[in-house]
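1. the following comprises the amino acid sequence and a computationally predicted model.
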Amino acid sequence: MKIYITWGTGEGKTRIAAFDRALWDAGIANYNLIKLSSVIPEGAGVVVKKVDMNNKEHGYKLYVVLSEQYETKKGEKAVAGLGWVSANHTKGKGIFVEKGARTKEEVTDYIENTISSMTSYRPEEHGDMKIKTVEKECTGAVACSLVAAVYKSEGWE
């Protein structure tokens, strides 16, 4: 199984419009998102790659771990980030941590501290931590940034 890390930004007159534009930019619009918590299954590989699924499977379910952030104050930034780590010598068997804030530093510090804490009591030895961030400056409309870990899509049959 491959889990794709994709990202996007957008602006709109409302939060939902900005979110939808960011989903479109991330390549995962037109899905019904099902948010997952934070566990990477054993055997999964994480691939950082912007996907292009916008015009496929309209209305299907899409399982994701999602980090999103909004900003309405002109000149301020919406920063979203997703961090992850996997057990050494394995694919998968790891964790994701998501965070949104106004600065990249706040996002990365939170993710690093949280992953460090969460791996301290797990018995596996973990590999290097990875973090993907994206930011959007507000220009007057609602700004949205998001990073998503895309697990799989599923129809309604």
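-> That came through fine.

2. which is the next helix or strand following the host helix or strand of S117?
-> Assessed by DSSP states H and E, S117 sits inside helix 104-120. Reading on from helix 104-120 to the C-terminus, the next helix or strand found by DSSP H and E is strand 130-137.

3. quick one: A87 from D128, how far?
-> Computed as C-beta to C-beta, to the nearest Å, the A87 to D128 distance reads 12 Å. Bear in mind the C-beta positions are built from the backbone N, C-alpha and C, glycine included.

4. quick revisit: got the angle for the helix holding S117 vs strand 130-137?
-> Counting by axes from the mean of the first three to the mean of the last three C-alpha atoms, to 10 degrees, helix 104-120 lies at 150 degrees to strand 130-137.

5. so what secondary structure elements neighbour helix 104-120?
-> When contacts are defined as 3 or more C-beta pairs under 8 Å, 6 or more residues apart in numbering; DSSP states H and E, helix 104-120 sits against strand 77-86, strand 94-101, strand 130-137.

6. sorry, back to before: who has more neighbours out of A87 and D128?
-> Taking other C-beta atoms under 10 Å, A87 and D128 do not tie; A87 has more neighbours (19 against 7).

7. list the beta-bridge partners for the more buried one.
-> Beta-bridge partners for A87, by DSSP bridges, are H126.

8. for it, give me its contacts.
-> 93-94, 124-127 (C-beta atoms under 8 Å, 6 or more residues apart in numbering).

9. at 6 Å what do you get?
-> With contact set as C-beta atoms under 6 Å, 6 or more residues apart in numbering, A87 has these partners: 93, 124, 126.

10. the first one: neighbour count?
-> Okay, so that is K93. A count of neighbours around K93, defined by other C-beta under 10 Å, yields 18.

11. how is K74 assigned, secondary-structure-wise?
-> coil (DSSP: H, G, I helix; E, B strand; the rest coil).

12. check which helices and strands the helix or strand containing S153 sits against.
-> Secondary structure assignment for S153, by DSSP H and E: strand 142-154. Where contact means 3 or more C-beta pairs under 6 Å, 6 or more residues apart in numbering; DSSP states H and E, strand 142-154 is packed against strand 2-12, helix 15-26, strand 61-71, strand 77-86, strand 130-137.

13. all good on my end, thank you.
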